[in-house]
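S.K.: Sharing a model prediction with you, sequence too.
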Amino acid sequence: DAGVTQSPTHLIKTRGQQVTLRCSPKSGHDTVSWYQQALGQGPQFIFQYYEEEERQRGNFPDRFSGHQFPNYSSELNVNALLLGDSALYLCASSLWESIYGYTFGSGTRLTVV
Amino acid sequence: KQEVTQIPAALSVPEGENLVLNCSFTDSAIYNLQWFRQDPGKGLTSLLLIQSSQREQTSGRLNASLDKSSGRSTLYIAASQPGDSATYLCAANSGYSTLTFGKGTMLLVSP
C-alpha cells in the first residue's frame, strides 16, 4: 500500500521564479493538505483540497496556490519566490472529516537563492 | 486560535533511560492529538493518534496520554535507544481538518 508520494525531493530556484510541487495521496485518501516547515519550526498549514476545491487556507499570501486533480493528487504552486520561501514542504493526505489522522509524505526541500 | 507548545525544546539522555515529552495546547476543543517523529531533513512519521474520547494510546515502547481538560499530552518513551534520536512533534486537530503543530522536542539518545 503506497504512502504519500511527493516530487521532487529537492529543488533549487532563483528569487522571483515560480515553482510547482507535486503530491500523490495514500491509496484510499481523498483529501490533501500542504504544510510549510521552516528550519527549526513546526509545520505551518498552507491549504487543504477536497473534491478539487480549496477548503481551508492558512495565513499564506496569494502567491501560494494549489490544485487537486480527479485522481486526488495535488500540486502546490508558488509564484514570485522569495528567499523566505526556502523550507521543507510537506504534503499530508487523509479522508475528508475523518477522525483517523493524517499521513505525511517525505517532503520537498525548496531552496531559493 | 489554537497554539501548541512543546517542552523541552531539546533533550539528551543516555541509552536505557525512560523519558517524557510534554505537549500543551490552548484550545481544549480538539478532535484528536497526533504525535509524529521526524528525522533530520525528512518527512513526518505518525507514532500515535489519540482521539478526544481516549485517555491514552500505546505502541511498543511508546505511550501517549491526553488530558483535554488541562490541555496537555505526554509521550512516554521506555528504555530509550540511540535509534530513538529524532525530533518529536505533537499536533492538535481542532476541527476544520487542519493540524496545529508545536515546534518539537529534539531528542538525542547516546550509547
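M.R.: In hand now; what should we look at? Numbering: from 1, shown residues only, chains lettered A, B, ... in the order given.

S.K.: beta partners for A:Thr103?
M.R.: A:Ser93 (DSSP bridges).

S.K.: Surely it touches A:Gly3?
M.R.: Yes. Counting by CB atoms under 8 Å, A:Gly3 is a contact partner of A:Thr103 at 6.0 Å. Glycine gets a C-beta too; all of them are placed from N, C-alpha and C.

S.K.: can you give me phi and psi for the residue in chain B that chain A sits nearest to?
M.R.: Nearest residue of chain B to chain A (CB to the nearest CB) works out as B:Phe101 at 3.4 Å. Here is the backbone geometry of B:Phe101 (degrees, to the nearest 10): phi -100, psi 150.

S.K.: try A:Cys91
M.R.: Torsion angles at A:Cys91 (phi, psi; degrees, to the nearest 10) stand at phi -110, psi 140.

S.K.: Counting neighbours, what do you get for it?
M.R.: 30 (other CB atoms under 10 Å in any protein chain shown).

S.K.: between A:Thr103 and A:Gly3, what contacts are shared?
M.R.: A:Lys26 (CB atoms under 8 Å, 6 or more residues apart in numbering or on different chains).

S.K.: Check which helix or strand the residue nearest to the spatial centre of chain A maps to.
M.R.: Nearest to the geometric centre of chain A sits A:Trp34, at 3.2 Å (CA atoms, centre = their mean). Assigned by DSSP states H and E, A:Trp34 belongs to strand A:31-37.

S.K.: Doesn't B:Glu17 lie inside a helix?
M.R.: No. Counting by DSSP: H, G, I helix; E, B strand; the rest coil, B:Glu17 is not found in a helix; it is coil.

S.K.: For it, which residues are in contact?
M.R.: Applying CB under 8 Å, 6+ apart, the residues contacting B:Glu17 are B:Ala79, B:Ser80, B:Val109.

S.K.: chain center to stretch A:30-41: distance?
M.R.: 6 Å (CA atoms, centre = their mean, to the nearest Å).

S.K.: for stretch A:34-49, same thing?
M.R.: With CA atoms, centre = their mean as the basis, the mean position of stretch A:34-49 lies at 8 Å from the chain mean.

S.K.: In CSV, list the C-alpha atoms belonging to it.
M.R.: Extracted in CSV, the C-alpha atoms of stretch A:34-49 (Å, rounded to 0.1, in the frame of the first residue of the first chain):
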residue,chain,number,x,y,z
TRP,A,34,0.0,21.2,2.3
TYR,A,35,2.3,22.4,5.1
GLN,A,36,5.5,24.6,5.1
GLN,A,37,8.2,23.8,7.6
ALA,A,38,11.0,26.3,8.1
LEU,A,39,14.2,25.2,9.7
GLY,A,40,13.7,24.6,13.5
GLN,A,41,10.0,25.2,13.4
GLY,A,42,6.9,23.1,13.4
PRO,A,43,4.9,22.7,10.1
GLN,A,44,2.5,25.5,9.3
PHE,A,45,-0.7,24.9,7.4
ILE,A,46,-0.9,26.3,3.9
PHE,A,47,-4.2,25.0,2.5
GLN,A,48,-6.3,21.9,2.0
TYR,A,49,-8.0,20.4,-1.0
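
S.K.: export the contacts of B:Glu17 to TSV and tack on distance to chain A?
M.R.: Converted to TSV, these look like this (distance: CB to the nearest CB, whole Å):
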residue	distance to chain A
B:Ala79	26
B:Ser80	22
B:Val109	20
